[in-house]
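In: need a 3D model of the sequence below.
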Amino acid sequence: MLLACWLLLAVLYALPRAEATPVNAVKNPGFELGTLYWTFSEGASLDEGFAHSGNCSATIAYSDYIEQVFVPPINSSQVVSFTFWITRGEGTGGSAPLYISWTFDRRGSDGGINAGTDVDQDNVPVGEWVKIDITEVFLEKAEGRGLVSFSFFRASDNWLQWWIDDVSLLVEAPSQSSQDYGGSLPSNVYFRLSNVDLGAVSPGSTVSFNIPLEASSIAVVSTVRFEGEGFEWFTVKDVLPKAYPSKANIPATLTVPKNAGARAYNVKVSVAAVVGGYTVSSMATVSFSVGMGGSAYDAVHGFLEAVKVAFQRLLGNPLMLWLLILLVLILSYYSLRRR
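Out: Residues are numbered from 1 along each chain as shown. I've put the predicted structure just below:
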């Protein structure tokens, strides 16, 4: 009995724990929504026919710049990576680097709130998109301060055009949905999803459905992710990022494989968006069951999967986990007394 209890605890701790997926804090990172959420100087512009991905990129030359401001500031200690894609045109001679500058919310050891780095044109072939990773230098200069804004700019009279696309500032995703942030969002800003129950579906079938969302204002959805067994059967119909009205549906599709196990499924869907200038996220559950009639193997496998899910949920509840440990200790005590 004692051995079985300890084996049960070992199995519980060996089960994989879900990890939050980092989210991109940059709004409209690929300029597919035009200049929305960005500030463009008079000479900066969109290029709707040339891009690393999608249809648009931003382009600057001379002393132009583009900038994005974060309200509230981004906690730089939560930044996972900072990357972007750039390319350039022919220059007229001399140095014409692309500068990346950051503004922080308080002074650091460098004595100022501004810092930055640059990319030399010699490191970027003409007309070829190159991915630039500035994570290390950014974190070194950020010193844990809050990131207020960042910008790309030119500071040279040498005529050389730069193109910028797919800007990514990945930060650790919050473990709770936006309505549970405990006051970090203004009371008039919210973003919620509703659970979806698709009922019984048949193996080999395709089901179209909607994910209902409700927000305090227009929500620019950047990512939709499905998690859990069966997540790969889901696709989102809309091309993201996309702006949705305050009450809307995100259309999606469930394609069930012919060999899908006959059991109930609960797939988590997480959506990241920008509402009222704030980066928010929320989570819901898409429930469905695949019709019975499969093999005995499917039935056994379904039972084991249900047990695994129950254990994983137990691990996510500290109170229940401590109660389980206490139960094991009590059973161990009485087992030893009988001897």
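In: got the buried residues for the helix or strand hosting residue 324?
Out: In the assignment (DSSP states H and E), residue 324 maps to helix 318-338. Counting neighbours by 16 or more other C-beta atoms under 10 Å, one finds that the buried residues in helix 318-338 are 324, 328. Bear in mind the C-beta positions are built from the backbone N, C-alpha and C, glycine included.
In: return the list of helices and strands in contact with that helix.
Out: Under the contact criterion of 3 or more C-beta pairs under 8 Å, 6 or more residues apart in numbering; DSSP states H and E, helix 318-338 touches helix 2-14, helix 296-315.
In: compare the ones you listed and say which comes out lowest on pLDDT.
Out: With a mean of 51, helix 2-14 has the lowest mean pLDDT of the helices and strands packed on helix 318-338.
In: show me what the following helix or strand past it is packed against.
Out: For helix 2-14, the following helix or strand on the C-terminal side (DSSP H and E) is strand 23-24. Secondary-structure packing of strand 23-24 (3+ C-beta pairs under 8 Å, 6+ apart): strand 162-171, strand 219-227.
In: rerun that using 10 Å as the cut-off
Out: Packed against strand 23-24 by the contact rule (3 or more C-beta pairs under 10 Å, 6 or more residues apart in numbering; DSSP states H and E) you find strand 79-88, strand 162-171, strand 219-227, strand 264-275, strand 278-290.
In: and it, average pLDDT?
Out: Mean predicted confidence for strand 23-24 is 88.
In: tell me the strands beside it, with direction?
Out: Sheet partners assigned to strand 23-24 using DSSP bridges are listed as strand 162-171 (antiparallel).
In: and residue 245, what does it touch?
Out: 213, 215, 217, 218, 219 (C-beta atoms under 10 Å, 6 or more residues apart in numbering).
In: tabulate these (CSV), appending distance to residue 291, pLDDT and neighbour count.
Out: What follows is the contacts of residue 245, written out as CSV (distance: C-beta to C-beta, whole Å; pLDDT from 0 to 100; neighbours: other C-beta atoms under 10 Å):
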residue, distance to residue 291, pLDDT, neighbour count
213, 29, 96, 23
215, 36, 92, 25
217, 41, 87, 13
218, 40, 85, 15
219, 35, 86, 25
